[in-house]
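Novice: with the input below, show me the fold.
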Amino acid sequence: MKKKAIRIDSWHGIRFSSIVFLTITFLLSHVSIAQVQTNWPQTTTSADGTTISYEVYGEGDLSLVFVHGWSCDSRYWQKQVPTFSKKYKVVLVDLAGHGHSGTSRETYSMEAFGEDVRAVVEKTGSNNVILIGHSMGGTVIAQAALLLPQKVKGLIAVDDYHNIEYPLSQEEFDAMVTPLRNDFQSGARQFVQQMFHPNADTISREWILADMSAAPPHVALSAMEELMSHSIDGSAAELFEEIPIPIMAVNGDLWPIDAEANRRHMESFEAIVVEGGDHFLMVNRSAPFNAALTKAINAIKKKSAEN
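Specialist: Just a heads-up that it's a prediction; the model follows:
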């Protein structure tokens, strides 16, 4: 029996289709690799030589630099990236001892964290900046603003700046930190548990509790001691007297805000409260939080343009 011959034009069609398929596959694979490389964490060096990890998303004349809180890292801002990277350059920072950054410091002070933020701002070429800091990050961005007076146009705290005059006593601090020193994992879960709204999503709450209680104890304890020392000696409020830029807060409704106390030390201060939001509102209430953060950003842009 004779074998049926394949027509030349059919063979060319098959060969052409194969080439097109391979070409498309090649291009898609390289696009995928490029996207991964674009969003892969980058590094720079802080003033003391510590390696600091950061990520950059989007483009824009205005850079939003997000700084996490105590025992957290840049992952806590993931629900903000898609919204704000459409219009702005979004920069996520891992402070020293957190996330992918170095852990070689003996003391994790707020001033040193401020240097971490400065290193990232300068490395990314960001000259028109709003610093956004969650919890402890609120103090860190204030320290960074002192180091970057020509670049930073405003500060936005996330569930912080409730009352920068709060007179924390040594006894209160000892009661707070002793469980962490005795058994960090258990003490951290107990400490963080009180920061959630009663109706907070169970899955995200358990993830946050597990994640924060797994932080390196020497880093967490040092950062806690350094942060709270400023409230004990009163320098927490004095810090803001040296920062002549608009300051705002986007907070949950767990704790009251003493705006007048803050305004005694700040150039200007306004707060936006997200109903049903807790200490981790950027995770648990991301949609209303993003809307409130947009308002805060626009308010600072307006004030900056007026000055």
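Novice: touching, Ala299 and Ile247? I think so.
Specialist: No: using CB atoms under 8 Å, Ala299 is not in contact with Ile247, being 10.6 Å away. Any C-beta I mention is one placed from the backbone N, CA and C, and that applies to glycine too.
Novice: between those two, which is the more surrounded one?
Specialist: Ile247 (28 against 17; other CB atoms under 10 Å).
Novice: residue contacts, the more buried one?
Specialist: Contact analysis of Ile247 by CB atoms under 8 Å, 6 or more residues apart in numbering lists 154-157, 161, 240, 262, 266-269.
Novice: one more time with 6 Å
Specialist: By CB atoms under 6 Å, 6 or more residues apart in numbering, the contact list for Ile247 reads 155, 266, 269.
Novice: need the residues you listed in TSV (columns: neighbour count and pLDDT).
Specialist: Below are these laid out as TSV (neighbours: other CB atoms under 10 Å; pLDDT from 0 to 100):
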residue	neighbour count	pLDDT
Leu155	28	98
Met266	23	97
Phe269	22	98
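Novice: which of those residues lies closest to Ile203?
Specialist: Set against Ile203, the nearest of the contacts of Ile247 by CB to CB is Leu155 (31.2 Å).
Novice: what about stretch 260-280, start to end distance?
Specialist: 24 Å (CA to CA, to the nearest Å).
Novice: give the buried residues for that stretch.
Specialist: 261-262, 265-267, 269-272, 274, 277-280 (16 or more other CB atoms under 10 Å).
Novice: do stretch 186-206 as well
Specialist: Judged by neighbour count using 16+ other CB under 10 Å, the buried positions of stretch 186-206 are 187-189, 191-192, 195-197, 200, 205.
Novice: least confident pick among these?
Specialist: Ranked by pLDDT, those bottom out at Ala200, which has 87.
Novice: report the contact partners of that residue.
Specialist: Counting by CB under 6 Å, 6+ apart, Ala200 makes contact with 278, 284.
Novice: I'd guess it is in a helix, am I close?
Specialist: No: assessed with DSSP: H, G, I helix; E, B strand; the rest coil, Ala200 is coil; it does not lie in a helix.
Novice: strands along the stretch 151-300 of the chain, start to end?
Specialist: Counting by DSSP state E, counting those that start in this stretch, the stretch 151-300 of the chain has these strands, from start to end: 152-158, 246-251, 268-273.
Novice: now distance to Gln170 too, for those strands, in a markdown table please.
Specialist: Formatted as a markdown table, the strands of the stretch 151-300 of the chain follow (distance: least, CB to CB, whole Å):
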| stretch | distance to Gln170 |
| --- | --- |
| strand 152-158 | 25 |
| strand 246-251 | 27 |
| strand 268-273 | 28 |
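Novice: select, out of those strands, the one closest to Lys89.
Specialist: Between Lys89 and the strands of the stretch 151-300 of the chain, the shortest gap by CB to CB is with strand 152-158, which sits at 13.6 Å.
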